[in-house]
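Q: Structure for the following, please:
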Amino acid sequence: MVKRERYLELVGKFARKRVLVVGDFILDEYLLGDTKRVSREAPVVVIDYKESVCHPGGAANAVQNVAALGARVGACGVVGSDGFGGALKDLLDKSGADTSGLVETADISTAVKTRILAGELHAQRQQVARIDRSYRITASSSAVEDVRKRALGMIEDADVVVISDYGMGVVPGPVSASVIKAARERQIPVVVDSRRELTSYVGASVGTPNEVELFDAMGVKKIEKPGLIALAKKAIRNTKLEGLVVTRGNQGMLVCSEDGSVAEIGIVGTPYATDVTGAGDTVATIVALSLSAGASLVEAAVMATYAASIVVMKRGTATLTSDELLAAYERNPAPSVIGGAE
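A: Residues are numbered from 1 along each chain as shown. This is a model prediction of the structure:
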């Protein structure tokens with residue numbers, strides 16, 4: 001486990017750090033309503049609309065997580081020249097993020113995930129449908145080149161980089177290659193959170209995939225833990241990463257390092273999550289901040305375990321504060337740590 005003094009030391013350093021988040025920026029839209037009857041037109045529930053709420057999603061959620069923890073953060077990516085893009089930028093501006101790295105372009109429409117939540121009057125609303133509006137941009141787009149240039153400018157002031165890849169084409173290729181090269185020259189960590197293309201980020205520092213994302217990246221079907229460890233080690237060799245933090249839901253985390261060491265980290269709190277939306281973004285940002293504060297990879301994963309225990313108990317795309325992170329440590333028994341070296 002991470003001793004109390006060490007935990008407090010690491011969290012205390014977060015506010016002095018500067019994080020650059022490069023990736024796919026998404027607007028999470030929530031349409032809230034009440035269910036009162038079944039439609040006469042079809043066997044579906046009619047929802048009486050009440051309100052809309054928007055939150056930063058994807059790489060934007062990673063940005064918001066960093067800002068909520070008190071650190072300085074820069075956002076670098078693409079949004080459409082539309083109302084959704086303007087709304088997303090406004091939300092990030094209000095969080096205190098530096099949005100000068102966001103490229104507005106008419107080449108794409110801003111990515112939006114619309115979740116419809118409904119329930120009976122005074123009851124807890126549940127998600128009944130989700131509508132995704134996404135895009136795929138090519139590396140040859142002028143917008144992608146603008147992202148690359150802005151990222152290289154912003155990395156000069158960064159202590160750590162988070163690459164948040166949701167599969168929209170912005171980051172893999174010229175952007176990631178330039179960012180990783182520049183980060184290595186400055187000797188700062190690069191943490192990669194990629195849906196399917198982890199192996200594209202050769203030379204980065206740490207990857208934070210969940211099990212399914214690791215399977216997809218390595219082109220295999222679901223396998224049990226012994227095979228998972230071997231697969232993680234193979235991914236590290238193929239990508240020249242320093243390590244992987246593989247999240248496994250209520251089974252905890254698996255930490256593999258380039259030296260071959262493996263640590264299994266248990267969960268904190270209840271195994272029953274309220275909502276896992278955005279939990280991966282939280283893990284990536286906490287690992288990044290912890291590494292920039294001088295943590296070992298196992299220490300960073302333990303810190304992320306405490307953070308994940310908080311956000312999965314919140315509905316929607318959630319963040320946490322340093323005070324919540326400190327309170328989680330005081331309130332919960334430490335997670336089990338088997339193997340590895342802190």
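
Q: Tell me the spacing between the nearest residue to Val44 once chain neighbours are set aside and Thr282.
A: In this structure, Val44 finds its nearest non-sequential neighbour in Val38, 7.0 Å apart by Cβ to Cβ, 6 or more residues apart in numbering. In short, each C-beta sits where N, CA and C put it, glycine included. According to Cβ to Cβ, to the nearest Å, Val38 stands 38 Å off from Thr282.

Q: Read off the pLDDT value for the residue nearest the centre of the chain.
A: Centroid-nearest residue in the chain: Asp281, 1.5 Å away (criterion: Cα atoms, centre = their mean). With respect to pLDDT, Asp281 scores 93.

Q: Wait, a helix at it?
A: Yes - checked against DSSP: H, G, I helix; E, B strand; the rest coil, Asp281 lies within a helix.

Q: if I pick it, what's in contact with it?
A: The neighbourhood of Asp281, defined by Cβ atoms under 8 Å, 6 or more residues apart in numbering, consists of Gly58, Ala59, Asn61, Ala62, Asn65, Ser164, Asp193.

Q: let's go with 6 Å and repeat that
A: Asn61, Ala62, Asn65 (Cβ atoms under 6 Å, 6 or more residues apart in numbering).

Q: ok, Val38 and Thr282, which is more surrounded?
A: When Val38 and Thr282 are compared for neighbours, Thr282 comes out ahead with 26 against 11, by other Cβ atoms under 10 Å.

Q: Excluding chain neighbours, what is closest to that one?
A: Val311 (4.8 Å).

Q: One more: Leu289?
A: Phe14 (5.0 Å).

Q: Repeat that for Ile236.
A: Using Cβ to Cβ, 6+ apart and skipping residues adjacent in sequence, the residue nearest Ile236 is Glu258, 5.5 Å away.

Q: State the distance from that neighbour to Asp159.
A: Counting by Cβ to Cβ, the gap from Glu258 to Asp159 is 22 Å.

Q: in whichever helix or strand Leu326 is part of, what counts as buried?
A: Under the criterion of DSSP states H and E, Leu326 resides in helix 322-331. Across helix 322-331, burial judged by 16 or more other Cβ atoms under 10 Å covers Ser322, Glu324, Leu325, Leu326, Ala328, Tyr329.

Q: And for stretch 137-150?
A: For stretch 137-150, the neighbour count (16+ other Cβ under 10 Å) marks Ile137, Ser141, Ala143, Val144, Asp146, Val147, Arg148, Arg150 as buried.

Q: Mind telling me what element the fourth one is part of?
A: Right, the one you point to is Val144. Assigned by DSSP H and E, Val144 falls within helix 142-154.

Q: circling back: any idea how far the residue nearest to Ile236 is from Ile155?
A: 23 Å.

Q: more neighbours, those two?
A: With neighbours defined as other Cβ under 10 Å, Glu258 and Ile155 compare such that Ile155 has more, 24 against 14.

Q: Give me the pLDDT value at the nearest residue to the more buried one once chain neighbours are set aside.
A: Computed as Cβ to Cβ, 6+ apart, the closest residue to Ile155 that is not its neighbour in sequence is Ala182, at 5.0 Å. Model confidence at Ala182, expressed as pLDDT, equals 98.

Q: Residue ranges in the stretch 51-200 of the chain under the pLDDT threshold?
A: Low-confidence segments of the stretch 51-200 of the chain, defined by pLDDT under 70: 121.

Q: Surely Ser290 is in contact with Ala304?
A: No - in this structure, Ser290 is not within contact of Ala304 by Cβ atoms under 6 Å, at 7.3 Å.

Q: who's more crowded, the two?
A: Neighbour comparison, Ser290 and Ala304: the larger count goes to Ser290, with 29 against 26 (by other Cβ under 10 Å).

Q: Helix, strand, or coil at the more buried one?
A: Here Ser290 is helix, with the state taken from three-state DSSP.

Q: and what of the one 10 residues further on?
A: Of the three states, Ala300 takes helix according to three-state DSSP.

Q: Report the contact partners of it.
A: Under the criterion of Cβ under 6 Å, 6+ apart, the contact list for Ala300 reads Val287, Ser290, Leu291.

Q: Strands of the protein, start to end?
A: Applying DSSP state E to the chain gives strands spanning 18-38, 45-58, 72-80, 98-105, 111-119, 126-133, 160-165, 190-194, 206-207, 243-247, 253-257, 262-265, 337-339.

Q: which one is Ala106 nearest to, not counting chain neighbours?
A: Ser81 is the one closest to Ala106 (Cβ to Cβ, 6+ apart), at 4.8 Å.
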